[in-house]
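Enquirer: What follows is a protein structure lacking sequence information:
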C-alpha cells in the first residue's frame, strides 16, 4: 500500500481541485487572511472531503509536507519564495499547467525550468504547444466525479453556454461567436459576470449546474483556444450533446454526427443547432454516445490512478 502523502497546493480551479482531492492523500491549501485569488482555501459549495485542509501562510514554514503541487505562476514565482522555507522549496515538486500558452501558441517557453520538477499538462494539445525546455513533462487528462447526479432531459428548446467572464475574455473564449450565434438561436450564457452580456443568467452553483445542463437541448462551446473545459466534460457526463469548434483538444473528443458536432464554420454550427432543436431524438442519441465516451475517457478512477502514480514517483 503506497504511503499517504501530504501535498501542499493552491485553490486555483475549484472543480479541478475537487476532482484532484478524490486522490487518497492529504491536500493542504495555501490560505491567506484576505482569501486572495489562489489562496482561498476550502471555500464554495463543493463538498470537500476530510482530506482537504487549509495551510495559513503564516504557518506554512512550520508544517510538514511530502510534495508541493504548484498550479499558477504566482505560486511558483512569488508564493514559493515568500512563504516556503528553503527546505520546503527543495521538496519533490509538480507544476500543474491548466492552460495552453497565452503569449504565443507555439513559441512560448514555460517559466518552470527545473529538471527536478515534473510539469503536468491536462491535455495532449497543451503539452504539444508548450516549450517545456529542460523540465520533464507528463499528461494527465481530466477526470470528473459528478457532484450531483443528473441525467439529460433536453426539454428546454435552446442551447447553454458556460464560460466565466466571457465579456472580458473576448475572442479567445468566443465572445464574438456567442453574440453572433445568439442573433440566430436561443442561447443562454451561464458563468461569472455572464449577466453583463445578452442572455446571461449569472454564476450558477456547481451543485445546480448539472441539472441546468440536463434541461437544455444542447451545449455550445464557442471557445477558439483553451484547454479542454471541465464544464464541457460535465455536460457530456450528463448526456447533453456538445456543439463546438474543431480546435484544440476538442477535436479528439467529438466525432461529428456520432457523439456531437464540431466545425470551424459558424454557419454550419448554426445549422446543426437548428437541427437539434427540431429533432430532440437526435440530440438524445448524440448525448448518450458522448456520455459513454466521457465515462470511459474522463472517469474519476483513471484520473485518480494517474495522479497516484505521478505523486508516488515524484515523492520517491
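Expert: Looks like it came in fine. These numbers come from a predicted model, not from an experiment.

Enquirer: This structure: strands as residue ranges?
Expert: With DSSP state E, the ranges of strands along the chain come out as 6-9, 26-31, 52-56, 67-70, 93-97, 117-121, 137-139, 156-162, 187-190, 216-221, 242-244, 260-262.

Enquirer: Highest mean neighbour count out of those strands?
Expert: Ranked by mean neighbour count, those are led by strand 216-221 with a mean of 27 (mean count of other Cβ atoms under 10 Å). Every C-beta, even on glycine, is put in place using the N, C-alpha and C of the backbone.

Enquirer: which residues touch the nearest residue to residue 48 once chain neighbours are set aside?
Expert: The spatially closest residue to residue 48, leaving aside those adjacent along the chain, is residue 42, at 5.0 Å (Cβ to Cβ, 6 or more residues apart in numbering). Applying Cβ atoms under 8 Å, 6 or more residues apart in numbering to residue 42 gives the contacts 11, 29, 48, 52, 53, 54.

Enquirer: tell me which of those residues is nearest to residue 308?
Expert: Closest to residue 308 out of the contacts of residue 42 is residue 52 (16.7 Å), distances taken as Cβ to Cβ.

Enquirer: check contacts around the closest one.
Expert: The neighbours of residue 52, taking Cβ under 8 Å, 6+ apart as the test, are 21, 27, 29, 42.

Enquirer: Can you check the pLDDT for the second one?
Expert: Per-residue confidence for residue 27 comes out at a pLDDT of 98.

Enquirer: how close does it sit to residue 92?
Expert: 15 Å (Cβ to Cβ, to the nearest Å).

Enquirer: Could you do the third one as well?
Expert: For residue 29, the distance to residue 92 equals 18 Å [Cβ to Cβ].

Enquirer: quick one: the helices in the stretch 1-150 of the chain?
Expert: For the stretch 1-150 of the chain, applying DSSP state H, counting those that start in this stretch gives helices covering 14-20, 73-74, 80-83, 86-89, 124-129.

Enquirer: Make JSON lines from these and add mean pLDDT, distance to residue 310 and mean neighbour count to it.
Expert: Shown next, in JSON lines, are these (pLDDT from 0 to 100; distance: least, Cβ to Cβ, whole Å; neighbours: other Cβ atoms under 10 Å):
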{"stretch": "helix 14-20", "mean pLDDT": "96", "distance to residue 310": "11", "mean neighbour count": "20"}
{"stretch": "helix 73-74", "mean pLDDT": "96", "distance to residue 310": "20", "mean neighbour count": "16"}
{"stretch": "helix 80-83", "mean pLDDT": "97", "distance to residue 310": "19", "mean neighbour count": "14"}
{"stretch": "helix 86-89", "mean pLDDT": "98", "distance to residue 310": "19", "mean neighbour count": "11"}
{"stretch": "helix 124-129", "mean pLDDT": "98", "distance to residue 310": "14", "mean neighbour count": "17"}
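
Enquirer: Quick one: closest of the ones you listed to residue 151.
Expert: helix 14-20 (19.5 Å).

Enquirer: ok, and what's touching the closest one?
Expert: Against helix 14-20 from outside (Cβ under 8 Å, 6+ apart): 9, 11, 27, 29, 43-44, 46-48, 98, 122, 142-145, 147, 206, 230-231, 234, 300, 303, 307.

Enquirer: Restricted to buried residues, select those in ChimeraX.
Expert: Typed into ChimeraX, the line below selects the buried ones among the contacts of helix 14-20, using 16 or more other Cβ atoms under 10 Å:
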select :9,11,27,29,44,46,48,98,122,142,143,144,147,206,230,231,234,300,303,307
